[in-house]
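In: Predicted model, plus sequence, below.
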Amino acid sequence: MSERLEDIAQQMVAPGKGILAADESTGTIKKRFDSIGVDNTEDNRRDYREMLFRTDDAMRESISGVILFEETLHQKAADGTPFVDLIRAAGAVPGIKVDKGAKPLAGYAGETVTEGLDGLRERLDTYYDAGARFAKWRGVIAISGALPTAYAIHANAHALARYAVLCQEQGIVPIVEPEIVMDGAPGDHSIDRCAQVTEAVLTEVFSELHQARCMLEGMVLKPNMVIDGQKARTASVEEVAEKTVAVLKKTVPDAVAGIAFLSGGQSDEEATAHLSAMNAMGGLPWPLTFSYGRALQAAALKAWSGKAENVAAGQRAFAHRAKMNALAATGQWSA
Ligand code: 13P
(Lines give C-alpha, C1' and ligand atoms only; values in the text may rest on other atoms or scores of the structure.)
Protein backbone atom coordinates (compact mmCIF):
# COMPACT_ATOMS: atom_id res chain seq x y z
CA MET A 1 0.00 0.00 0.00
CA SER A 2 1.35 3.38 -0.96
CA GLU A 3 1.77 5.84 1.90
CA ARG A 4 1.26 9.16 0.09
CA LEU A 5 -1.90 10.90 1.31
CA GLU A 6 -3.05 11.53 -2.27
CA ASP A 7 -2.67 7.86 -3.14
CA ILE A 8 -4.53 6.63 -0.07
CA ALA A 9 -7.33 9.11 -0.81
CA GLN A 10 -7.52 7.93 -4.44
CA GLN A 11 -7.69 4.34 -3.26
CA MET A 12 -10.62 5.25 -0.97
CA VAL A 13 -12.63 6.64 -3.89
CA ALA A 14 -11.49 4.11 -6.52
CA PRO A 15 -13.98 3.68 -9.41
CA GLY A 16 -16.86 1.34 -8.62
CA LYS A 17 -16.02 1.01 -4.94
CA GLY A 18 -17.03 2.76 -1.73
CA ILE A 19 -16.55 2.83 2.00
CA LEU A 20 -18.21 0.66 4.64
CA ALA A 21 -18.92 2.77 7.74
CA ALA A 22 -18.76 0.17 10.53
CA ASP A 23 -17.62 2.64 13.19
CA GLU A 24 -20.69 2.67 15.39
CA SER A 25 -19.66 3.60 18.91
CA THR A 26 -20.50 1.11 21.66
CA GLY A 27 -23.62 3.17 22.41
CA THR A 28 -24.78 3.32 18.78
CA ILE A 29 -24.22 -0.38 18.09
CA LYS A 30 -26.34 -1.06 21.19
CA LYS A 31 -29.25 0.68 19.49
CA ARG A 32 -28.73 -1.45 16.37
CA PHE A 33 -28.48 -4.66 18.45
CA ASP A 34 -31.54 -3.69 20.50
CA SER A 35 -33.53 -3.63 17.24
CA ILE A 36 -32.76 -7.34 16.72
CA GLY A 37 -32.78 -8.37 20.39
CA VAL A 38 -29.03 -9.05 20.66
CA ASP A 39 -26.97 -8.25 23.76
CA ASN A 40 -24.29 -5.61 23.28
CA THR A 41 -21.30 -7.71 24.34
CA GLU A 42 -17.77 -7.54 23.00
CA ASP A 43 -18.12 -11.03 21.51
CA ASN A 44 -21.37 -10.16 19.74
CA ARG A 45 -19.82 -6.98 18.33
CA ARG A 46 -16.88 -9.05 17.11
CA ASP A 47 -19.07 -11.75 15.58
CA TYR A 48 -21.22 -9.22 13.78
CA ARG A 49 -18.31 -7.30 12.32
CA GLU A 50 -16.42 -10.48 11.47
CA MET A 51 -19.44 -11.56 9.43
CA LEU A 52 -19.17 -8.34 7.40
CA PHE A 53 -15.41 -8.30 6.97
CA ARG A 54 -15.36 -11.95 5.89
CA THR A 55 -17.86 -11.36 3.09
CA ASP A 56 -14.96 -11.91 0.74
CA ASP A 57 -16.32 -11.13 -2.72
CA ALA A 58 -18.15 -8.01 -1.59
CA MET A 59 -15.14 -6.75 0.30
CA ARG A 60 -12.76 -7.35 -2.61
CA GLU A 61 -15.01 -6.08 -5.36
CA SER A 62 -17.05 -3.28 -3.81
CA ILE A 63 -15.39 -1.94 -0.66
CA SER A 64 -12.41 0.41 -0.80
CA GLY A 65 -12.14 1.14 2.92
CA VAL A 66 -13.73 0.33 6.27
CA ILE A 67 -14.27 2.86 9.07
CA LEU A 68 -13.75 1.21 12.45
CA PHE A 69 -14.48 2.17 16.02
CA GLU A 70 -11.41 2.12 18.27
CA GLU A 71 -12.33 -1.23 19.83
CA THR A 72 -12.56 -2.89 16.41
CA LEU A 73 -9.24 -1.45 15.20
CA HIS A 74 -7.50 -3.47 17.92
CA GLN A 75 -9.88 -6.46 17.82
CA LYS A 76 -9.25 -9.93 16.41
CA ALA A 77 -11.53 -12.34 14.59
CA ALA A 78 -12.58 -15.49 16.48
CA ASP A 79 -9.57 -17.38 15.02
CA GLY A 80 -7.14 -14.70 16.21
CA THR A 81 -6.64 -12.86 12.90
CA PRO A 82 -6.55 -9.10 13.52
CA PHE A 83 -9.47 -7.37 11.81
CA VAL A 84 -7.04 -4.90 10.27
CA ASP A 85 -5.34 -7.83 8.50
CA LEU A 86 -8.66 -9.20 7.22
CA ILE A 87 -9.54 -5.80 5.77
CA ARG A 88 -6.13 -5.31 4.18
CA ALA A 89 -6.20 -8.83 2.72
CA ALA A 90 -9.41 -7.85 0.93
CA GLY A 91 -7.59 -4.89 -0.62
CA ALA A 92 -9.42 -2.31 1.48
CA VAL A 93 -7.95 0.46 3.63
CA PRO A 94 -8.61 0.36 7.39
CA GLY A 95 -9.83 3.65 8.89
CA ILE A 96 -10.82 4.90 12.30
CA LYS A 97 -13.45 7.22 13.76
CA VAL A 98 -11.49 9.64 15.96
CA ASP A 99 -14.04 12.14 17.20
CA LYS A 100 -15.47 11.85 20.71
CA GLY A 101 -19.01 12.64 19.68
CA ALA A 102 -21.30 15.65 19.27
CA LYS A 103 -21.86 17.42 22.60
CA PRO A 104 -24.34 20.21 23.44
CA LEU A 105 -22.94 23.57 22.34
CA ALA A 106 -22.98 25.78 25.45
CA GLY A 107 -25.38 28.69 25.07
CA TYR A 108 -26.93 27.33 21.86
CA ALA A 109 -29.99 25.23 22.62
CA GLY A 110 -30.52 22.38 20.18
CA GLU A 111 -27.05 22.59 18.62
CA THR A 112 -23.88 20.58 19.13
CA VAL A 113 -20.15 20.79 18.62
CA THR A 114 -18.02 17.71 18.13
CA GLU A 115 -15.29 17.10 20.69
CA GLY A 116 -12.02 15.16 20.54
CA LEU A 117 -9.20 17.53 19.55
CA ASP A 118 -7.31 17.34 22.85
CA GLY A 119 -4.64 14.66 22.60
CA LEU A 120 -5.63 13.86 19.03
CA ARG A 121 -2.07 14.04 17.65
CA GLU A 122 -0.94 11.32 20.06
CA ARG A 123 -4.01 9.17 19.41
CA LEU A 124 -3.46 9.43 15.65
CA ASP A 125 0.08 8.21 16.10
CA THR A 126 -1.26 5.12 17.93
CA TYR A 127 -3.92 4.52 15.28
CA TYR A 128 -1.34 4.77 12.51
CA ASP A 129 0.77 2.13 14.25
CA ALA A 130 -2.33 -0.08 14.52
CA GLY A 131 -2.77 0.16 10.73
CA ALA A 132 -5.27 2.98 10.20
CA ARG A 133 -4.55 5.07 7.10
CA PHE A 134 -7.62 7.26 7.16
CA ALA A 135 -9.83 8.77 9.85
CA LYS A 136 -13.33 10.18 10.25
CA TRP A 137 -14.69 13.12 12.21
CA ARG A 138 -18.40 13.95 12.12
CA GLY A 139 -19.77 17.40 12.80
CA VAL A 140 -23.52 17.36 13.38
CA ILE A 141 -25.58 20.32 12.16
CA ALA A 142 -29.19 20.69 13.28
CA ILE A 143 -31.66 22.02 10.71
CA SER A 144 -34.98 23.82 11.15
CA GLY A 145 -36.40 27.19 10.13
CA ALA A 146 -34.15 28.91 12.71
CA LEU A 147 -31.18 26.55 12.91
CA PRO A 148 -28.31 26.22 12.37
CA THR A 149 -26.82 29.39 13.81
CA ALA A 150 -23.75 30.86 12.13
CA TYR A 151 -21.83 30.21 15.36
CA ALA A 152 -22.61 26.48 15.40
CA ILE A 153 -21.60 26.20 11.74
CA HIS A 154 -18.35 27.98 12.48
CA ALA A 155 -17.52 25.97 15.61
CA ASN A 156 -18.03 22.66 13.81
CA ALA A 157 -16.18 23.74 10.65
CA HIS A 158 -13.26 24.97 12.72
CA ALA A 159 -12.98 21.67 14.62
CA LEU A 160 -13.21 19.70 11.36
CA ALA A 161 -10.35 21.72 9.87
CA ARG A 162 -8.13 21.35 12.92
CA TYR A 163 -8.79 17.60 12.90
CA ALA A 164 -8.08 17.36 9.16
CA VAL A 165 -4.63 18.92 9.27
CA LEU A 166 -3.61 16.93 12.36
CA CYS A 167 -4.49 13.77 10.42
CA GLN A 168 -2.45 14.86 7.42
CA GLU A 169 0.51 15.69 9.65
CA GLN A 170 0.37 12.09 10.94
CA GLY A 171 0.11 10.50 7.46
CA ILE A 172 -3.60 9.80 7.76
CA VAL A 173 -6.25 10.87 5.22
CA PRO A 174 -9.09 12.77 6.90
CA ILE A 175 -12.70 12.10 6.00
CA VAL A 176 -14.33 15.46 6.68
CA GLU A 177 -17.97 14.86 7.59
CA PRO A 178 -20.27 17.81 8.20
CA GLU A 179 -23.70 16.17 8.50
CA ILE A 180 -26.90 18.14 8.26
CA VAL A 181 -29.25 15.66 9.84
CA MET A 182 -32.33 14.59 7.90
CA ASP A 183 -33.84 12.54 10.73
CA GLY A 184 -33.44 14.90 13.70
CA ALA A 185 -36.12 17.14 15.24
CA PRO A 186 -38.25 18.73 13.85
CA GLY A 187 -37.34 16.88 10.62
CA ASP A 188 -39.93 18.62 8.46
CA HIS A 189 -37.61 20.90 6.46
CA SER A 190 -37.91 21.25 2.69
CA ILE A 191 -35.27 20.17 0.22
CA ASP A 192 -34.61 23.83 -0.61
CA ARG A 193 -33.94 24.61 3.04
CA CYS A 194 -31.51 21.67 3.09
CA ALA A 195 -29.81 23.06 -0.04
CA GLN A 196 -29.44 26.48 1.57
CA VAL A 197 -27.99 25.09 4.81
CA THR A 198 -25.72 22.60 3.03
CA GLU A 199 -24.32 25.40 0.86
CA ALA A 200 -23.64 27.58 3.93
CA VAL A 201 -22.01 24.74 5.86
CA LEU A 202 -19.78 23.52 3.02
CA THR A 203 -18.72 27.09 2.24
CA GLU A 204 -17.60 27.53 5.85
CA VAL A 205 -15.96 24.11 6.00
CA PHE A 206 -13.81 24.80 2.92
CA SER A 207 -12.94 28.27 4.18
CA GLU A 208 -11.68 26.75 7.44
CA LEU A 209 -9.87 23.94 5.61
CA HIS A 210 -8.13 26.54 3.47
CA GLN A 211 -7.07 28.63 6.47
CA ALA A 212 -5.85 25.50 8.27
CA ARG A 213 -3.71 24.65 5.16
CA CYS A 214 -5.40 21.34 4.47
CA MET A 215 -4.14 19.57 1.36
CA LEU A 216 -7.39 18.99 -0.52
CA GLU A 217 -5.96 16.23 -2.72
CA GLY A 218 -5.36 14.22 0.45
CA MET A 219 -8.86 14.40 1.96
CA VAL A 220 -12.29 12.94 1.29
CA LEU A 221 -15.51 14.87 1.93
CA LYS A 222 -18.42 12.97 3.48
CA PRO A 223 -21.51 15.15 3.11
CA ASN A 224 -25.22 14.62 3.44
CA MET A 225 -27.22 14.62 0.25
CA VAL A 226 -29.51 17.58 -0.34
CA ILE A 227 -32.82 16.04 0.66
CA ASP A 228 -36.00 16.96 2.50
CA GLY A 229 -36.45 16.02 6.18
CA GLN A 230 -37.51 12.53 7.20
CA LYS A 231 -41.01 13.75 8.11
CA ALA A 232 -41.47 15.61 4.83
CA ARG A 233 -40.02 13.30 2.20
CA THR A 234 -41.52 14.08 -1.19
CA ALA A 235 -38.57 15.02 -3.42
CA SER A 236 -37.98 12.71 -6.37
CA VAL A 237 -34.74 10.86 -7.04
CA GLU A 238 -33.94 13.30 -9.86
CA GLU A 239 -34.54 16.34 -7.66
CA VAL A 240 -32.30 15.04 -4.87
CA ALA A 241 -29.57 14.19 -7.39
CA GLU A 242 -29.73 17.52 -9.22
CA LYS A 243 -29.89 19.70 -6.11
CA THR A 244 -27.11 17.79 -4.39
CA VAL A 245 -24.76 18.06 -7.37
CA ALA A 246 -25.62 21.75 -7.80
CA VAL A 247 -24.66 22.57 -4.19
CA LEU A 248 -21.50 20.47 -4.34
CA LYS A 249 -20.39 22.18 -7.57
CA LYS A 250 -20.83 25.58 -5.92
CA THR A 251 -18.87 24.72 -2.78
CA VAL A 252 -16.40 21.85 -3.21
CA PRO A 253 -13.08 22.63 -4.95
CA ASP A 254 -12.14 20.33 -7.83
CA ALA A 255 -8.91 19.43 -6.05
CA VAL A 256 -10.73 17.42 -3.36
CA ALA A 257 -9.86 13.73 -3.92
CA GLY A 258 -13.44 12.56 -3.74
CA ILE A 259 -16.84 12.71 -2.13
CA ALA A 260 -18.34 9.77 -0.24
CA PHE A 261 -21.89 10.33 1.01
CA LEU A 262 -23.41 9.27 4.31
CA SER A 263 -26.84 7.61 4.12
CA GLY A 264 -28.26 9.47 7.10
CA GLY A 265 -31.52 7.59 7.51
CA GLN A 266 -32.46 7.16 3.85
CA SER A 267 -33.86 3.74 2.98
CA ASP A 268 -31.38 1.29 1.48
CA GLU A 269 -32.81 1.66 -1.98
CA GLU A 270 -33.13 5.45 -1.85
CA ALA A 271 -29.48 5.80 -0.88
CA THR A 272 -28.51 3.63 -3.85
CA ALA A 273 -30.86 5.33 -6.32
CA HIS A 274 -29.73 8.84 -5.39
CA LEU A 275 -26.04 8.00 -5.76
CA SER A 276 -26.60 6.29 -9.09
CA ALA A 277 -28.64 9.21 -10.45
CA MET A 278 -25.86 11.65 -9.58
CA ASN A 279 -23.18 9.57 -11.24
CA ALA A 280 -25.38 9.03 -14.30
CA MET A 281 -25.45 12.83 -14.76
CA GLY A 282 -21.75 12.72 -15.69
CA GLY A 283 -19.39 15.68 -15.98
CA LEU A 284 -18.49 15.71 -12.28
CA PRO A 285 -15.10 17.07 -11.17
CA TRP A 286 -14.64 14.48 -8.41
CA PRO A 287 -15.47 10.80 -7.88
CA LEU A 288 -18.82 10.45 -6.06
CA THR A 289 -19.31 7.32 -4.01
CA PHE A 290 -20.77 5.96 -0.76
CA SER A 291 -19.61 5.80 2.82
CA TYR A 292 -22.76 4.22 4.18
CA GLY A 293 -23.43 2.81 7.61
CA ARG A 294 -27.10 1.97 7.91
CA ALA A 295 -27.80 1.70 4.16
CA LEU A 296 -25.11 -0.98 3.82
CA GLN A 297 -25.77 -2.84 7.06
CA ALA A 298 -29.46 -2.73 7.93
CA ALA A 299 -30.47 -5.76 5.84
CA ALA A 300 -27.44 -7.78 6.97
CA LEU A 301 -28.06 -6.97 10.63
CA LYS A 302 -31.66 -8.15 10.36
CA ALA A 303 -30.78 -11.33 8.45
CA TRP A 304 -28.11 -12.20 11.01
CA SER A 305 -30.14 -11.41 14.14
CA GLY A 306 -27.30 -12.62 16.34
CA LYS A 307 -27.45 -16.28 15.28
CA ALA A 308 -24.41 -18.19 14.03
CA GLU A 309 -26.59 -20.20 11.65
CA ASN A 310 -27.62 -16.94 9.92
CA VAL A 311 -24.11 -15.74 9.06
CA ALA A 312 -24.39 -16.84 5.41
CA ALA A 313 -27.73 -15.05 5.06
CA GLY A 314 -26.29 -11.92 6.65
CA GLN A 315 -23.36 -12.03 4.26
CA ARG A 316 -25.65 -12.42 1.27
CA ALA A 317 -27.63 -9.37 2.38
CA PHE A 318 -24.48 -7.31 2.87
CA ALA A 319 -23.00 -8.47 -0.45
CA HIS A 320 -26.18 -7.46 -2.25
CA ARG A 321 -26.23 -3.90 -0.87
CA ALA A 322 -22.49 -3.55 -1.46
CA LYS A 323 -22.92 -4.61 -5.08
CA MET A 324 -25.91 -2.31 -5.68
CA ASN A 325 -24.02 0.67 -4.24
CA ALA A 326 -20.89 -0.20 -6.23
CA LEU A 327 -23.04 -0.09 -9.38
CA ALA A 328 -24.45 3.25 -8.20
CA ALA A 329 -20.92 4.57 -7.80
CA THR A 330 -20.58 4.30 -11.58
CA GLY A 331 -24.16 5.37 -12.33
CA GLN A 332 -25.13 1.91 -13.54
CA TRP A 333 -27.67 0.83 -10.95
CA SER A 334 -31.28 0.45 -11.98
CA ALA A 335 -34.29 -0.62 -9.95
P1 13P B 1 -25.07 6.39 7.92
O2 13P B 1 -24.77 6.02 6.51
O3 13P B 1 -25.85 5.35 8.67
O4 13P B 1 -25.63 7.78 8.04
O5 13P B 1 -23.68 6.41 8.69
C6 13P B 1 -22.57 6.93 8.07
C7 13P B 1 -21.68 7.53 9.07
O8 13P B 1 -20.53 7.18 9.16
C9 13P B 1 -22.22 8.58 9.94
O10 13P B 1 -21.19 9.18 10.65
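Out: Looks like it arrived, so ask away. Numbering: from 1, shown residues only.
In: now the strands for the protein?
Out: 18-22, 63-68, 93-97, 102-104, 112-114, 134-141, 173-180, 220-221, 258-261, 288-292 (DSSP state E).
In: can you list those in CSV and add distance to the ligand and mean pLDDT?
Out: (Each C-beta comes from the backbone N, C-alpha and C, glycine too.) Rendered in CSV, the data for these read as follows (distance: least, Cβ to the nearest ligand atom, whole Å; pLDDT from 0 to 100):
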stretch, distance to the ligand, mean pLDDT
strand 18-22, 3, 99
strand 63-68, 6, 99
strand 93-97, 8, 98
strand 102-104, 10, 98
strand 112-114, 11, 98
strand 134-141, 4, 98
strand 173-180, 6, 99
strand 220-221, 12, 99
strand 258-261, 8, 99
strand 288-292, 4, 99
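In: got a list of what Ala9 touches?
Out: By Cβ atoms under 8 Å, 6 or more residues apart in numbering, the contact set of Ala9 is 134, 173, 217-220, 257-258.
In: Quick check: the residue of the stretch 201-335 of the chain nearest the ligand.
Out: Scanning the stretch 201-335 of the chain for proximity to the ligand using Cβ to the nearest ligand atom identifies Gly293 as nearest, at 2.8 Å.
In: What separation is there between that residue and Arg49?
Out: According to Cβ to Cβ, to the nearest Å, Gly293 stands 12 Å off from Arg49.
In: neighbour-wise, which of these two wins?
Out: Ranked by neighbour count (other Cβ atoms under 10 Å), Gly293 and Arg49 place Arg49 first, with 24 against 20.
In: residues in contact with Ala271?
Out: Going by Cβ under 8 Å, 6+ apart, Ala271 touches 261, 263, 290, 292, 295, 325.
In: which of the residues you listed has the most neighbours?
Out: Phe290 (32 neighbours).
In: ok, back up a step: okay, the contacts of Ala9 in JSON lines with neighbour count and distance to Gly107 next?
Out: Below are the contacts of Ala9 laid out as JSON lines (neighbours: other Cβ atoms under 10 Å; distance: Cβ to Cβ, whole Å):
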{"residue": "Phe134", "neighbour count": "26", "distance to Gly107": "33"}
{"residue": "Val173", "neighbour count": "30", "distance to Gly107": "34"}
{"residue": "Glu217", "neighbour count": "16", "distance to Gly107": "37"}
{"residue": "Gly218", "neighbour count": "24", "distance to Gly107": "35"}
{"residue": "Met219", "neighbour count": "26", "distance to Gly107": "30"}
{"residue": "Val220", "neighbour count": "28", "distance to Gly107": "32"}
{"residue": "Ala257", "neighbour count": "24", "distance to Gly107": "36"}
{"residue": "Gly258", "neighbour count": "22", "distance to Gly107": "36"}
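In: pLDDT below threshold where in the stretch 1-150 of the chain?
Out: For the stretch 1-150 of the chain, applying pLDDT under 70 flags the ranges 1-2.
In: surely Ala21 meets Gly65?
Out: No - applying Cβ atoms under 8 Å, one finds Ala21 not in contact with Gly65, separated by 9.5 Å.
In: By neighbour count, which bits of stretch 120-129 are buried? Give me those.
Out: Judged by neighbour count (16 or more other Cβ atoms under 10 Å), stretch 120-129 contains these buried residues: 120, 123-124, 127-128.
In: Residue numbers of the stretch 151-300 of the chain in contact with the ligand?
Out: Proximity of the stretch 151-300 of the chain to the ligand is assessed by Cβ under 6 Å from any ligand atom, with 177, 262-264, 292-295 identified as the residues in range.
In: please redo it, this time with the cut-off set to 8 Å
Out: Residues of the stretch 151-300 of the chain lying close to the ligand by Cβ under 8 Å from any ligand atom are 177, 179, 222, 261-265, 271, 291-297.
In: residue contacts, Arg4?
Out: By Cβ under 8 Å, 6+ apart, the residues touching Arg4 are Gly218.
In: Any chance of a markdown table for the contacts of Ala271, columns distance to Ala78?
Out: A markdown table is the format used below for the contacts of Ala271 (distance: Cβ to Cβ, whole Å):
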| residue | distance to Ala78 |
| --- | --- |
| Phe261 | 33 |
| Ser263 | 29 |
| Phe290 | 28 |
| Tyr292 | 26 |
| Ala295 | 27 |
| Asn325 | 27 |
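In: which one of those residues is nearest Ser207?
Out: Within those, distances to Ser207 taken as Cβ to Cβ reach their minimum at Phe261, with 21.6 Å.
In: can you give me the helices in the stretch 151-300 of the chain?
Out: 191-211, 237-251, 268-281, 294-304 (DSSP state H, counting those that start in this stretch).
In: Turn those into a markdown table, including mean pLDDT.
Out: Listed next are these as a markdown table, based on pLDDT from 0 to 100:
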| stretch | mean pLDDT |
| --- | --- |
| helix 191-211 | 99 |
| helix 237-251 | 98 |
| helix 268-281 | 98 |
| helix 294-304 | 98 |
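In: Now for the spatially closest residue to Leu275 that is not a sequence neighbour: which residues touch it?
Out: In space, Leu275 comes closest to Ala328 once its chain neighbours are excluded; the distance is 4.0 Å by Cβ to Cβ, 6 or more residues apart in numbering. Residues near Ala328 by Cβ under 8 Å, 6+ apart: 272-273, 275-276, 279, 290.
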